[in-house]
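*Asks:* For reference, the sequence and a predicted model appear below.
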Amino acid sequence: MRVLSASLGQLILEGAQAAQRAGVLSGCTLPEHAHLSHPTRSEWGDYSCALPLQLAKPMQQNPLEIAGQIEKYLPDSVLLGDTSVSAPGFLNIRLNGDWLASQIEVILGLGSAYADLQYGDGKSAQVEFISANPTGPLTVGHGRGGVVGDSVSNLLAAVGYQVTREFYYNNAGQQMRRLGESLRLRYLQALGQSVELAEDHYHGAYLVELGRGLYVEHGESIVDADWEFFKTKAEDAIAGNQRDTMKILGIQMDVFFNEYSLYDDGSVDKVVEVLRDKGFAYERDGALWFAATSLGGRDDRVIVKSGGEPTYRLPDIAYHCNKLQRGFDLVVDVLGADHKDAFPDVIRGVEAMGYDGSGIKMLMNQFVTIKGNRMSKRSGNFVTLDELLEDVGPDVVRFFMLMRAAGSHLDFDLDLAREQSEKNPVYYVQYAHARICRVIEKAQSEGFLGDSGDVDLLCHPAEHLLIRRLLELSDTIDRAVRELEPHHLTAYARDLAGSFHGFYRDCRVVDVDNKALSLARLKLVRAARFGLARTLELLGVDAPKAM
RNA sequence: GCCCCCGUAGCUCAAUGGAUAGAGCACCUGACUUCGGAUCAGGUGGUUGGGAGUUCGAAUCUCUCCGGGGGUGCCA
């Protein structure tokens, strides 16, 4: 399917070109795209375009006159219904009702993939998200990144990309030592020893439980084990817990990329070697520095500490080189706000290594608060994603996380999320789907079978609006992919559900006294089911048949 | 100090340089004895944090100030 607003914009540009050729508009350069919007008043049609206003200056002509000429020279197209011009210079378009009705058959023919696009065909994309250290349960912040990353993955697949969902398993480095030490101390506490955790240890209750568990299992036999033993115990338990949580949230990773492998296969050493050879790395104060400033960065960065241990930046660069070596056309890093500043340095590192970093995009998501409370993992004061999921369920978590632009702070409204009523926007959308299923069942029970309906009978404004909305799923997918902003889907889901509810009120579907119209409307209802189910699928939210 | 993100209705947030800035929640008033009322229709509610600038046109772009968050580690 094609993006409707883009097709209309193309027609308008063709009209402008034709008017230029006819000499009624001056021959200035036209923009590549004509932007369309939905007008606020229904008498202005389905779409309006401000192109004439933009052209007024370069053309040295009155915008209303420009709009009139473009209207006159619009090419013949089945898409176009009434057109009009309004002050101060808008060109308004109403879609052709017959064409709209005919699109129902197109949707039914294509099924739930009807709105998919093809511009990613033959390309591959990798989306890295969550990538939590195995040092504690997933937080609601990880949940946001997870839901955003998973939906972006769905969206990329919907435009044709072969998508790999990847979790960077960050299990080397100093944090893991702290984790091992923390668990060792918790175990010793379980033995009754009076030892205290240091400030930079992990204080969460989950390690207390793990420590007790180790005591129950091993007694005092591991009292002399070192931090690495405890690190492995903690890591295994926590990673398993994280995967369980992701499963509940409906996230299925394709690859768990292990940081250790970058050391094992020499990738990390290779980065050091190449950066040294190219003069992008130098020694100072016993440490190895990456000369980020020579590549436009603000500060040079340590990549190997004076003790010989790499900082996180070094394996990060190696990892991103590895992504490009695997041939991905598009790489998306879904990062929390705390990792945002490190991203440009990684890209500089990748480019210093000789790769083209332009295909690597960052999707930053701001932190999440619940009822206004900040959460911090090291202090142990946080609501886990597990707890949130148990409280309100995965559908509500996913939908709420996707209601906001990723870059906006998200204040999770627990009271609203717990509300199982009309107040909750998730149920508004799911209810529309359940209602659709019920109408279809009702129609079958009343003997409306088969697909003989004639869609030409559908000419009610509420029907037209619903069809238009269904077609706009392509626009929504296109925009969400272009901007890497999956939250457009939740807004669309509410609009589409609203259009269906409006249609349901105005247009009775199952009417034994009007079989022909009933059969036609039934087709529209089935098409609406594809649209709503697909939207919910892209969001990762269940589309229930009853609720 | 410096860098980045955010600031929009009482609350939580939308809005691709375009028309009278939109939804949901809250509050108020209504709706088919028929397909699910978890719905629908209407109302109240705004100096888009303040100020200046660019533009025919600014929530959107620029500058400045204020407020919130993040970063500025040889932590990740």
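*Replies:* In hand now; what should we look at? Residues are numbered from 1 along each chain as shown, chains lettered A, B, ... in the order given.
*Asks:* So what touches stretch A:331-351?
*Replies:* The contact list for stretch A:331-351 (C-beta atoms under 8 Å, 6 or more residues apart in numbering) reads A:125-130, A:141, A:145, A:148-149, A:152, A:156, A:271, A:275, A:290, A:292, A:295-297, A:301, A:312-313, A:316-317, A:320-321, A:323-324, A:357, A:359-367, A:484. Just so you know, the C-beta spots here come from the backbone N, C-alpha and C atoms, and that holds for glycine as well.
*Asks:* from the residues you listed, which ones fall inside strands?
*Replies:* Using DSSP state E, A:125-128, A:290, A:301, A:360-365 are the members of the contacts of stretch A:331-351 that sit in strands.
*Asks:* are any of the residues you listed buried, and which?
*Replies:* Buried subset of the ones in strands among the contacts of stretch A:331-351 (neighbour count, 16 or more other C-beta atoms under 10 Å): A:125-128, A:290, A:301, A:360, A:362-365.
*Asks:* Out of the ones in strands among the contacts of stretch A:331-351, which comes closest to RNA strand B?
*Replies:* Nearest to RNA strand B among the ones in strands among the contacts of stretch A:331-351: residue A:301, at 6.0 Å, using C-beta to the nearest atom of the strand.
*Asks:* you'd agree that closest one is up against residue A:293?
*Replies:* No. Using C-beta atoms under 8 Å, residue A:301 makes no contact with residue A:293, being 9.4 Å away.
*Asks:* Please list which of the contacts of stretch A:331-351 are also close to RNA strand B.
*Replies:* By C-beta under 7 Å from any atom of the strand, the members of these lying near RNA strand B are A:301, A:312-313, A:366-367.
*Asks:* got the contact list for residue A:258?
*Replies:* Taking C-beta under 8 Å, 6+ apart, one finds A:169, A:171 in contact with residue A:258.
*Asks:* tell me the pLDDT at it?
*Replies:* Among the per-residue scores, residue A:258 holds a pLDDT of 91.
*Asks:* what do you get for residue A:115?
*Replies:* At residue A:115, the pLDDT value in this model is 96.
*Asks:* Surely it touches residue A:473?
*Replies:* Yes. Using C-beta under 8 Å, residue A:115 is in contact with residue A:473, at 3.7 Å.
*Asks:* hey, what's in contact with both of these two?
*Replies:* With C-beta under 8 Å, 6+ apart as the test, residue A:115 and residue A:473 both reach A:531, A:534.
*Asks:* Report whether stretch A:492-508 contacts RNA strand B.
*Replies:* Yes. Shown here: stretch A:492-508 in contact with RNA strand B (C-beta under 7 Å from any atom of the strand) through A:494, A:497-498, A:501-502, A:504-505, A:507-508.
*Asks:* quick one: the strands in chain A?
*Replies:* A:36-37, A:47-49, A:80-86, A:90-95, A:124-128, A:162-169, A:255-258, A:281-284, A:287-290, A:301-304, A:330-336, A:360-365, A:368-370, A:410-412.
*Asks:* What residues sit buried inside stretch A:15-25?
*Replies:* Neighbour count says stretch A:15-25 has A:15-20, A:24-25 buried, by 16+ other C-beta under 10 Å.
*Asks:* So which elements touch the lengthiest helix in chain A?
*Replies:* Identified as the longest helix of chain A according to DSSP state H is helix A:515-539. Applying 3 or more C-beta pairs under 8 Å, 6 or more residues apart in numbering; DSSP states H and E, we find helix A:515-539 packed against helix A:97-110, helix A:140-158, helix A:425-445, helix A:461-483, helix A:487-506.
*Asks:* From the ones next to RNA strand B among the contacts of stretch A:331-351, pick the one nearest residue A:64.
*Replies:* Proximity of those to residue A:64 (C-beta to C-beta) peaks at residue A:366, which lies at 43.6 Å.
*Asks:* Understood, closing this out.
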